[in-house]
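Q: Coordinates only, no sequence provided:
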Ligand SMILES: C[S@@+](CC[C@H](N)C(=O)[O-])C[C@H]1O[C@@H](n2cnc3c(N)ncnc32)[C@H](O)[C@@H]1O
């Protein structure tokens, strides 16, 4: 039976927008392995396109609908949203198809009046799509950026204060771009060049990552995890900025590493790779079920030196005091650097979430620092661009813990001239500047 890609897209959007599901998990659940590549690509484009541009799309619907937005049934909202997305963002879809296919879905999910309403709203938008009005840029700059680039006003306000209008505009724009899929080559089994050659022979369009030494960018990645090369552990899906963490930690073979927030194990398994699968990594997390993912990844990649332990990093473990050569704190964070990959973060996070997570991050960092030997290395990283969770937190830590100091690592990143502060011991990564997930990585030594 031919599947209806648009119908799968509205189901995913319903789960994400109404039930708080994560987009990647919901897509994986709703998209079966038998689905054709073109259909899967279309579903992904509709889902991510709507999630990225939701505020703008809803603004357009509100401008053309006589029914109050709040009164529109949730499933019909998703149908309108994918209709508007196709009309305004997908040149290759004729307007008639965008409208008719949405009306057909409305027939299935609503009564006669409803599909008449969907038809009317979408036809009206199609006729006026070149004259859509936005809030005035000069009079209401925050609202203008918020609607045009679909980011919540509190976030725009916050970013303008720290980064200014132009940077915020560029950041919002970059957050709405589709990120490239990056893979980390498992150098325990194969070199970057050898894996690139195999993937190219199989029809994948790949290039080397700019900063990470083990990464490849795959421009047409659909179904890449179905390859034997993935099953056999030749690579791991991981964004380039995340790969820089183990690269900067640079652990020696036969050392003891403690990774206090390790699940699902992207960085832990990379650390093991850097250690040549020799030594020991204690990989902890507060959730047992998440640690199973670390074990699964390690098994697939052929890594034998990871010992997973369920442990709350807020509880000091006396057994490990002064024992570790390296400690990684890849802290739980607001995740605001990952908007390109998980656009629903824009709608699910609140400003208070940032305030409440800072204490957790600080307390985890202080405990973890105690596990290091003298001369041990402490790396703190987050996938957010909020300074309170990053450099401001580190400065406070350094002020209160004088036996630690930042150490530079500009010789550890390719093309490091793009990071102004790597020689000072930390980097701030921004999607609009570096075309990677927003990240913060800093490296300290215990004196
Ligand atoms: C940013 S994620 C780690 C990602 C991981 N390092 C990787 O590269 O795959 C943060 C992790 O911290 C864990 N976490 C949250 N609170 C914690 C706590 N109090 N103690 C230990 N782990 C915690 C979360 O379950 C989550 O897996």
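A: In hand now; what should we look at? The shown structure was predicted, so the numbers you read here are calculated from the model rather than taken from an experiment. Numbers count the residues shown, from 1 in each chain.
Q: who's in contact with whatever residue of the stretch 51-200 of the chain ends up closest to the ligand?
A: Distances between the stretch 51-200 of the chain and the ligand by C-beta to the nearest ligand atom are smallest at residue 184, namely 10.8 Å. C-betas here are computed from N, CA, C, even on glycine. Shown in contact with residue 184 (C-beta atoms under 8 Å, 6 or more residues apart in numbering): 212, 214, 215, 235, 236, 237, 238, 243, 266, 270.
Q: For the fifth one, grab the count of nearby residues.
A: Read it as residue 236. Here the count is done by other C-beta atoms under 10 Å, and residue 236 has 21 residues near it.
Q: That one is in contact with residue 188, isn't it?
A: No - using C-beta atoms under 8 Å, residue 236 is not in contact with residue 188, being 11.1 Å away.
Q: Which neighbours do these two have in common?
A: With C-beta under 8 Å, 6+ apart as the test, residue 236 and residue 188 both reach residue 301.
Q: Work out the gap between stretch 335-352 and the centre of the chain.
A: How far stretch 335-352 lies from its chain's middle: 9 Å, per C-alpha atoms, centre = their mean, to the nearest Å.
Q: ok so, going back, return the distance of the residue of the stretch 51-200 of the chain closest to the ligand relative to residue 54.
A: 31 Å (C-beta to C-beta, to the nearest Å).
Q: How about residue 357?
A: 24 Å.
Q: How confident was the prediction at residue 2?
A: Note for residue 2: predicted pLDDT of 65.
Q: do the same with residue 133
A: Reported pLDDT for residue 133: 92.
Q: Which secondary structure state does it sit in?
A: coil (DSSP: H, G, I helix; E, B strand; the rest coil).
Q: Give me the neighbour count for it.
A: 10.
Q: quick one, what contacts the spatially closest residue to residue 303 that is not a sequence neighbour?
A: What sits nearest to residue 303 in space, not counting adjacent residues and going by C-beta to C-beta, 6 or more residues apart in numbering, is residue 272, at 4.4 Å. Taking C-beta under 8 Å, 6+ apart as the contact definition, residue 272 lies against 188, 281, 298, 301, 303, 305, 306.
Q: outside of the top helix by length along the chain, which residues touch it?
A: Ranked by residue count and defined by DSSP state H, the top helix of the chain is helix 351-369. For helix 351-369, the surrounding residues in contact (C-beta under 8 Å, 6+ apart) are 154-155, 158, 258, 260-261, 313-316, 327, 329, 331-334, 378, 380, 382, 386, 388-389, 393, 396-397, 400-401, 404, 446.
Q: Show me those residues that map onto helices.
A: 154, 155, 158, 393, 396, 397, 400.
Q: Buried subset of the residues you listed, written for PyMOL?
A: Of these, the buried ones go into a single PyMOL selection, burial set by 16 or more other C-beta atoms under 10 Å:
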select buried, resi 155+158+393+397
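Q: Verify the stated contact: residue 10 with residue 75.
A: Yes - using C-beta under 8 Å, residue 10 is in contact with residue 75, at 6.7 Å.
Q: Domains in this structure, by residue range?
A: What the record gives for the chain is the domain set 5-127, 141-175, 181-237, 241-446, from automatic domain parsing.
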